[in-house]
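Asker: Dropping the sequence and predicted coords here.
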Amino acid sequence: MKKTGKLLVVLLIISFLFNGIIFAEQGSSSTQSNQERIVRNGLGQPLTAQEALFSQQKAIACNKIMAIREKYLKNVKSVNDKEIEELENLLGRFYPDATLSDYLPGYGNEVVLRTNPGDYMYKNLNLPGEEQDEEYNCGPAAAKAVLAGRGIYVSFDDLEEAMDTTTNGTYLSNIAPALNLYNGVNGNWFNYATMYGNTSSSWPLEFTNATITTLLGNYGVVINGHQLDDSSVYFTYYDRGTGYAQSEIGHYVAGEGFDSTDPSARICLYFDPIREVDMYLPTRHVTITFQRMAILTNDRGLVY
């Protein structure tokens, strides 16, 4: 009886400790799950601390780069040497292939091309994209177009493997790491941003700044949009012909340019890889306002 009693105590202690470990792990998992829901809407694996920090720094950098650029466009003499140095440092870290003249038109020349704040740029990378070869691989197709724009050609199979693409599609968080396998060395280190559950009015500006900043550095972006059935906001040509979306669809496209010549209606140029059997497009190189694209992406995100 004494031996049995001691054994029972030992077993109870082990059971208590084991259950405590389980509960601790479950508690940790629950906390992590909540963080994932807030940040990612379940769009893949959770960010590492390093990824989260870099994501935050890159978003801040995009806004700072654009602030200096807008200041320059209003008055070229208003940008001082310290701001030029800061811009050079930001470009060196986040967009190493870019030059000051990509962001400050006419910089260094006696004749400045643009001094009017409404006289913005037009830029089109004309990405050499391809039609997706499966109904579910628009993510790899959009990434393929972005890489091809840099002269890097990767097969659908390789990109699908790198992104863990399934018949259900591709997680947003898997796009950037796959792009970085091919272009992360001495090139743009792609990052991604989401606005899951955030109705903040800042998203359209953040989305537009991140897109244009990356395009000015001669890199395309991967845009993850979500069109709702019968909505008045839809991908170009995806309507019923009556001004309303014809169906709900989650879809990746490749941002390839912008038209900011009219500051009141900035236009996003993008390549659409959707299969013709699913959707007839008169052209795959289409346009949409940044405002509408921001609405389409406000529960998905952007890889830039």
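Answerer: It's in. The model shown is predicted, which means the values in this text are computed figures rather than measured ones. Residues are numbered from 1 along each chain as shown.
Asker: which stretches of the stretch 201-304 of the chain aren't confidently modelled?
Answerer: 277-279 (pLDDT under 70).
Asker: Do a quick rundown of the strands in it.
Answerer: For the stretch 201-304 of the chain, applying DSSP state E, counting those that start in this stretch gives strands covering 221-227, 249-259, 267-271, 285-289, 301-303.
Asker: For the fourth one, list every residue counted as buried.
Answerer: When you say that, I think you mean strand 285-289. Across strand 285-289, burial judged by 16 or more other CB atoms under 10 Å covers V286, I288, T289. Where you see a C-beta, it was placed from the backbone N, CA and C, and this is true even at glycine.
Asker: Make JSON lines out of those and add distance to D259.
Answerer: Converted to JSON lines, these look like this (distance: CB to CB, whole Å):
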{"residue": "V286", "distance to D259": "12"}
{"residue": "I288", "distance to D259": "11"}
{"residue": "T289", "distance to D259": "10"}
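Asker: which one of those sits closest to K77?
Answerer: Nearest to K77 among the buried residues of strand 285-289 is T289, at 32.0 Å by CB to CB.
Asker: Which segments of this protein make up each domain?
Answerer: 53-103, 122-303 (automatic domain parsing).
Asker: gap between the two ends of the last one?
Answerer: Between the opening and closing residues of domain 122-303 lies a distance of 21 Å (CA to CA, to the nearest Å).
Asker: Likewise for stretch 258-273?
Answerer: 18 Å.
Asker: so Y107, which of the three states?
Answerer: coil (DSSP: H, G, I helix; E, B strand; the rest coil).
Asker: so it sits right up against L100, yeah?
Answerer: Yes. Applying CB atoms under 8 Å as the test, Y107 and L100 come out as touching, 5.1 Å apart.
Asker: from the domains of the chain, which stretch is densest packed?
Answerer: Comparing those by mean neighbour count (mean count of other CB atoms under 10 Å), domain 122-303 ranks first with a mean of 19.
Asker: Could you give the separation of that one from the chain centroid?
Answerer: Domain 122-303 sits 8 Å away from the centroid of its parent chain (CA atoms, centre = their mean, to the nearest Å).
Asker: Could you list the low-confidence segments of the stretch 51-200 of the chain?
Answerer: For the stretch 51-200 of the chain (pLDDT under 70), the answer is 108-120, 184-187, 194-200.
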